[in-house]
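1. Predicted model follows, preceded by the sequence.
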Amino acid sequence: MDYPCPNCAFPGAAILPDGSRKCASCGHTWYFRMEYPHPPAARVAVAATSGNARVVVGVVAAAIVMAVGVAVFLFAGGSGGSHQPPPDTPRPDVRLAVPQPQPQPEESGRLSAELGPDVVAGHNGISPWWLVEYRNMGEVSIAFPTVKAHVKDEQDRPVLDHETVASVYRLPPGEAVWMLVSMPGSYKGRYQAEFEIVGPKRADRYTSKQMRLELVGYELQPNPSPSLKKYPYLTGTVRNDSGMRLNSVRVHAIGYDAEGRPCAFAQGYARVTNLQAGQQSDFRMGTGTWQIETPATWRVEAWGTVRD
């Protein structure tokens with residue numbers, strides 16, 4: 001809104017830093033004062049009674065309205081009508097029940113592990129690899145079975161030391177697991193390795209629990225790729241017979257030659273990620289990557305991690 005100059009009535013003016021106005025026409029400077037309208041005077045309705053007495057109805061009505069408004073605000077708590085108790089009223093202690101993971105019971109007994117006598121050595125075109133069998137010979141479960149490979153070249157010179165952790169993170173007493181040891185990076189030529197057990201470490205109550213699962217069946221299916229005909233797929237079905245919910249069901253297989261010596265390895269996962277108790281899932285694994293000759297038979301194992 002433009003306010004006219006008091007000198008020439010020109011409607012345009014500039015506002016100076018001190019708050020004054022300067023007329024754009026005559027240059028007159030003045031201080032403008034904003035006049036705010038005053039609220040209208042309260043009107044009081046007066047009614048006559050038979051005794052000719054006057055009762056101030058409007059004031060009483062306004063007081064009643066204000067009192068009701070304050071009461072409603074206090075009752076609603078000022079937040080959209082939700083009731084809030086007075087500050088001195090004790091509040092109920094409401095706590096949500098959050099399910100806590102159940103730790104495994106502590107195990108006591110002798111801790112012992114050894115490596116099996118058979119070691120498979122191969123090369124997949126990029127780097128050498130080995131298969132070793134880790135056995136729990138003690139009375140308690142072992143947490144994260146680990147082996148260390150001391151790798152040397154053809155001239156018996158040390159190349160590197162490399163640790164590998166088994167895919168079964170909690171190995172029960174009397175159980176064994178085959179471990180694939182593969183060197184990181186690219187290495188041409190022939191290499192040899194010596195293995196030692198790291199630890200072992202006793203599983204505690206917080207170590208993830210894994211269960212060996214029942215295999216419904218498995219078979220070899222032809223590879224549709226002509227160049228990979230001699231490397232079929234290993235397919236089958238696994239069932240959760242543990243009575244608990246499982247996730248990350250790991251499947252691995254060891255191939256054996258006609259004399260019963262290990263010669264190949266394959267690994268993969270069940271198709272269903274979270275396996276309910278009694279539920280089944282199929283799996284499919286490729287063969288040939290970790291293999292020194294075509295196996296005569298395969299032995300497949302499946303392990304599922306118990307879901308808290």
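-> Looks like it came in fine. Numbers count the residues shown, from 1 in each chain.

2. Run through this protein and note the low-pLDDT ranges.
-> 1-3, 17-19, 30-105, 308 (pLDDT under 70).

3. Helices of that one, start to end?
-> Using DSSP state H, the helices of the chain run over residues 57-76.

4. domains of it?
-> Here the domain parsing of the chain from automatic domain parsing is 1-36, 40-84, 113-198, 210-306.

5. Which of these sits closest to E106?
-> Proximity to E106, assessed across the domains of the chain by C-beta to C-beta, is greatest for domain 113-198 (9.1 Å). Where C-beta positions appear, they are placed from N, C-alpha and C, glycine not excepted.

6. Just the endpoints, please. Distance across that closest one?
-> 10 Å (C-alpha to C-alpha, to the nearest Å).

7. what's the answer for stretch 209-224, then?
-> Start-to-end span of stretch 209-224 (C-alpha to C-alpha) is 38 Å.

8. and what of stretch 205-220?
-> Stretch 205-220 stretches 39 Å from its first residue to its last (C-alpha to C-alpha).

9. and what of stretch 272-285?
-> Span of stretch 272-285 from end to end, C-alpha to C-alpha: 14 Å.

10. count of neighbours near the closest residue to E133 other than its chain neighbours?
-> Of all residues beyond its chain neighbours, the one nearest E133 is G116 (3.2 Å), with distances taken as C-beta to C-beta, 6 or more residues apart in numbering. By other C-beta atoms under 10 Å, the residues close to G116 number 13.

11. Walking through the stretch 201-308 of the chain, point out its strands one by one.
-> Ranges of strands within the stretch 201-308 of the chain are 210-212, 214-221, 233-239, 246-256, 262-269, 274-275, 280-286, 290-291, 297-306, based on DSSP state E, counting those that start in this stretch.

12. Could you do the stretch 51-200 of the chain as well?
-> Counting by DSSP E, counting those that start in this stretch, the stretch 51-200 of the chain has strands at residues 54-56, 113-115, 120-123, 128-136, 142-143, 146-152, 158-165, 170-171, 176-182, 192-198.

13. Format the ones you listed as JSON lines; extra columns: mean neighbour count and distance to G243.
-> Putting those into JSON lines (neighbours: other C-beta atoms under 10 Å; distance: least, C-beta to C-beta, whole Å) gives the following:
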{"stretch": "strand 54-56", "mean neighbour count": "12", "distance to G243": "82"}
{"stretch": "strand 113-115", "mean neighbour count": "17", "distance to G243": "28"}
{"stretch": "strand 120-123", "mean neighbour count": "17", "distance to G243": "35"}
{"stretch": "strand 128-136", "mean neighbour count": "21", "distance to G243": "23"}
{"stretch": "strand 142-143", "mean neighbour count": "24", "distance to G243": "23"}
{"stretch": "strand 146-152", "mean neighbour count": "18", "distance to G243": "30"}
{"stretch": "strand 158-165", "mean neighbour count": "14", "distance to G243": "27"}
{"stretch": "strand 170-171", "mean neighbour count": "24", "distance to G243": "17"}
{"stretch": "strand 176-182", "mean neighbour count": "20", "distance to G243": "22"}
{"stretch": "strand 192-198", "mean neighbour count": "16", "distance to G243": "32"}
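
14. Of all those strands, which one comes closest to D241?
-> Here strand 170-171 is closest among the strands of the stretch 51-200 of the chain (C-beta to C-beta), at 18.0 Å.
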